[in-house]
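# Show me how the following folds:
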Amino acid sequence: MVRLTVDLIAKTSNFKPRKEETISQYLKKITHINFSDKNIDAIEDLSLCKNLSVLYLYDNRISQITNLNFATNLTHLYLQNNCISCLENLRSLKKLEKLYLGGNYIAVIEGLEGLEELRELHVESQRLPLGEKLLFDPRTLYSLAKSLSILNISNNNIDDIRDLEMLENLNQLIAVDNRLLHVKDLEFLLSKLMKLWKMDLNGNPVCLKPKYRDRLILVSKSLEFLDGREIKKMERQFLMNWKASKDAKKISKKRNTKSEDASNSYISNFETMHHIVPVYYPQVGKPKLVFFSEIQRSFPNGNASPETSQEDTKTKVTEEMGNLSLKESQSLLTKSDVHEPHLLQKSIENSFMENE
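From the prediction side, this is the model:
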């Protein structure tokens with residue numbers, strides 16, 4: 001076991017004190033400490049290093065983040081490839097700008113509230129149990145909404161990144177080798193992240209979807225690089241023109257459909273109102289139209305009783321039948337009730353065919 005202590009720092013830094021300078025005074029002046037790949041498994045009290053701004057501890061065996069509360073001037077912290085499973089004891093690092101945590105055992109990104117200056121967060125390739133994915137605590141995302149500009153969440157089994165919408169100042173998102181599947185989710189996210197100019201999603205199933213690149217370019221006007229390829233102005237303009245033409249065709253088609261529907265509705269209403277029935281007369285070579293609505297209007301108030309109105313109606317229809325004999329007309333009216341126009345029409349047509 002190797003613990004990081006001030007004594008270890010002093011020994012490995014080739015400390016050569018100046019005249020009347022103590023170890024304590026020397027440690028206060030240190031701004032950078034590099035103990036990467038030194039089998040460090042624990043961080044001891046380093047509070048003498050008051051001006052520490054950059055700490056390299058990647059490729060070690062550290063399982064807990066401890067004893068860093070003193071480092072209020074720390075701006076860069078490198079903890080990749082350790083054994084860390086929980087994010088803790090970082091809230092006092094008010095000036096921290098870059099945090100590197102890739103290759104650990106972290107399942108939830110949390111505990112970063114208060115890091116108001118954090119601009120970069122790298123949490124790629126967490127060694128998670130089979131079937132689990134990296135999650136984000138909404139409180140942490142909310143606290144980073146104003147500051148975070150670069151986020152690396154690659155290779156973490158992530159299948160949904162819509163929660164990142166609150167990171168309003170994000171301009172670079174690296175999420176390669178995850179399980180993102182739906183283009184609509186990405187369109188939603190890009191519509192919210194108005195400052196995002198670089199996004200890399202290589203290795204996700206969504207990249208194989210039809211029109212994947214075209215759809216994302218059309219949604220985001222700020223995006224300049226997608227999956228490592230620059231988005232040329234000509235490419236974006238071509239897609240915008242194509243979409244405008246497609247939308248115009250859709251609008252025109254809808255208008256034509258509405259016009260046809262209105263025309264069909266008018267014709268249908270006219271026929272319903274007048275109950276047009278063609279009646280053919282042998283002596284005249286042209287059909288004559290009988291409007292059954294007019295026949296119905298012959299009833300007083302349209303509600304006359306069958307006993308008082310049926311004979312009058314039959315008489316009116318008989319008169320309208322031209323040269324048909326009285327006997328033939330009465331026969332037709334007897335066979336077909338005037339209250340059933342389709343039967344009357346059928347009877348008249350049959351009579352005409354017999355006369356022919």
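
# and this protein, what are its domains?
Segmentation of the chain into domains, based on automatic domain parsing, reads 2-246, 275-355.

# need the ones you listed in TSV with distance to Arg255, mean neighbour count and mean pLDDT, can you?
Every residue, glycine included, has its C-beta placed from N, CA and C. Below are those laid out as TSV (distance: least, CB to CB, whole Å; neighbours: other CB atoms under 10 Å; pLDDT from 0 to 100):
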stretch	distance to Arg255	mean neighbour count	mean pLDDT
domain 2-246	15	16	93
domain 275-355	30	14	49
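
# Could you dump these into TSV with distance to Thr257 added?
Putting the domains of the chain into TSV (distance: least, CB to CB, whole Å) gives the following:
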stretch	distance to Thr257
domain 2-246	17
domain 275-355	27
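
# what about those, which gets the closest to Ser252?
Counting by CB to CB, Ser252 lies closest to domain 2-246 out of the domains of the chain; the figure is 10.7 Å.

# mind checking how far the closest one is from the chain centre?
Averaging C-alpha coordinates over domain 2-246 and over its chain gives two centres that are 25 Å apart (CA atoms, centre = their mean, to the nearest Å).

# How far does that domain stretch from one end to the other?
End-to-end distance of domain 2-246 (CA to CA, to the nearest Å): 66 Å.

# Please, where are all the strands along the stretch 101-250 of the chain?
Using DSSP state E, counting those that start in this stretch, the strands found in the stretch 101-250 of the chain span residues 108-109, 120-122, 135-136, 150-152, 172-174, 198-200, 225-226, 229-230.

# Out of those, which gets nearest to Asn81?
strand 120-122 (11.6 Å).

# Within the sheet, what are the partner strands of the closest one, with directions?
Strand pairing for strand 120-122, determined by DSSP bridges: strand 98-100 (parallel), strand 150-152 (parallel).

# Now do the contacts for Leu193.
Leu193 makes contact with 164-165, 167-168, 170, 173, 220, 222, according to CB atoms under 8 Å, 6 or more residues apart in numbering.

# picking up where we left off before, redo the strands of the stretch 101-250 of the chain as JSON lines? Include distance to Ile251.
Conversion of the strands of the stretch 101-250 of the chain to JSON lines gives the following (distance: least, CB to CB, whole Å):
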{"stretch": "strand 108-109", "distance to Ile251": "45"}
{"stretch": "strand 120-122", "distance to Ile251": "44"}
{"stretch": "strand 135-136", "distance to Ile251": "40"}
{"stretch": "strand 150-152", "distance to Ile251": "39"}
{"stretch": "strand 172-174", "distance to Ile251": "34"}
{"stretch": "strand 198-200", "distance to Ile251": "31"}
{"stretch": "strand 225-226", "distance to Ile251": "29"}
{"stretch": "strand 229-230", "distance to Ile251": "33"}
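
# for the ones you listed, which one sits closest to Asn82?
Between these, strand 120-122 lies closest to Asn82; by CB to CB that is 13.2 Å.

# which one of the strands of the stretch 101-250 of the chain lies closest to Leu186?
Nearest to Leu186, of the strands of the stretch 101-250 of the chain and by CB to CB, is strand 198-200 at 8.5 Å.

# Identify the residues contacting that closest one?
When contacts are defined by CB under 8 Å, 6+ apart, strand 198-200 is touched by residues 171-176, 190, 216, 223-228.

# Direction included, what does that strand pair against?
Within its sheet, and counting by DSSP bridges, strand 198-200 is paired with strand 172-174 (parallel), strand 225-226 (parallel).

# At which residues are the helices of this structure located?
Along the chain, the stretches classed as helices by DSSP state H are 6-12, 23-29, 138-143, 183-192, 212-219, 233-274, 292-297, 306-319, 326-335, 341-355.
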